[in-house]
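Peer 1: Provided below for reference: sequence and predicted model.
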Amino acid sequence: MKSALITGANRSIGLETAKQLSKQGIFVYLGSRDLAKGNEVIGTLTEQGFKNIKAIEIDVTNADSIIAAKNIIEQEQGKLDILINNAGVLGVNPQTATETAVDDIKAVFETNFFGVIQVTQTFLDLLKKSDAPRISNITSGLGSLTLHSDPSWKYYQVKAAAYGPSKSALNAYTIVLAYELKDSAFKVNVIDPGYTATDFNHHSGPGTVESAASFIIKHTLTDENGPTGQFFSNDIEDESGISPW
């Protein structure tokens, strides 16, 4: 049975992604900063008939927490097939370029950017033991510099000096990571689930968590001929789903 780790998975898109992966026969580690909250979710899922999902404590801003989670998965699975770096924070609002405190911007980068790097580097050895390792970094359309520079883009007026740049940086890191792993079995991509109604945005988005999770999984469970180093967005109307960087 393949195994997957999803960070920030005790609610919203992460949780729905865990459920859908579980239904496909994959053992899912539901990452949560608070293990009690994660186990509470697992209790509900168990009542709903889910069997192959387990809560695991992981704070992507805490190296010891990440290593502890890695050790648990290594002991139980021996490897990891899928890593979905989903944990993220929005940060304070509003986020103007002229007035947002540097510490507030750093706090967002700590989770959205440096946290992803810490988790990825820590789990790389376990992923290398998989026959078909997959890394999906969950990004946002707000991380696209091309779209942000286009006044005709429907979200052009949505600017956030901490969140947007943190996702742009994540996109850039993913390109480098995918390049370094291009001659291996790895597939490494960034995936934007689209503007989705979640607690994250006070349920203001038009998309559903079901659609968002399905899109993430579609571009994660790719075969050996699948793309790597690509940017997919559920908000792109083109059938390919490929977003400009």
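Peer 2: Cool, got the structure.
Peer 1: surely Asn10 meets Val41?
Peer 2: Yes: with contact defined as C-beta atoms under 8 Å, Asn10 counts as touching Val41 (5.0 Å). All C-beta atoms are positioned from the backbone trio N, CA, C, and that covers glycine.
Peer 1: Please identify which of these two sits among more neighbours.
Peer 2: The neighbour comparison of Asn10 against Val41 (other C-beta atoms under 10 Å) goes to Asn10, with 21 against 18.
Peer 1: can you confirm that one is in a strand?
Peer 2: No: when DSSP: H, G, I helix; E, B strand; the rest coil is applied, Asn10 is found to be coil, with no strand at that position.
Peer 1: if I pick it, what's in contact with it?
Peer 2: Contacts for Asn10 (C-beta atoms under 8 Å, 6 or more residues apart in numbering) come out as 30-32, 34, 37-38, 41, 55.
Peer 1: Among those residues, find me the one that's closest to Thr17.
Peer 2: Leu30 (9.6 Å; C-beta to C-beta).
Peer 1: For that closest one, give me phi and psi.
Peer 2: phi -90, psi 100 (degrees, to the nearest 10).
Peer 1: Tell me where the protein is predicted with low confidence.
Peer 2: Low-confidence segments of the chain, defined by pLDDT under 70, are located at 197-206.
Peer 1: Helices of that one, residue ranges please.
Peer 2: Secondary structure of the chain by DSSP state H: the helices cover 12-23, 35-47, 63-77, 102-109, 115-127, 145-148, 163-180, 209-218.
Peer 1: Give me the contacts around the fourth one.
Peer 2: If I follow you right, that is helix 102-109. By C-beta under 8 Å, 6+ apart, the list of residues contacting helix 102-109 reads 89-92, 95, 161-163, 165-166, 169.
Peer 1: Next up, phi/psi of the spatially most central residue of the chain, please.
Peer 2: Residue closest to the average C-alpha location in the chain (C-alpha atoms, centre = their mean): Asn86, at 2.4 Å. Backbone torsions of Asn86, given as degrees, to the nearest 10, read phi -100, psi -20.
Peer 1: before we move on, the earlier item: tell me, what's touching Asn10 and Val41 both at once?
Peer 2: With C-beta under 8 Å, 6+ apart as the test, Asn10 and Val41 both reach 30, 32, 55.
Peer 1: how many other residues sit next to the closest residue to Ile82 other than its chain neighbours?
Peer 2: Distance criterion C-beta to C-beta, 6 or more residues apart in numbering; nearest residue to Ile82, sequence neighbours excluded, is Ala4 at 3.7 Å. By other C-beta under 10 Å, the residues close to Ala4 number 27.
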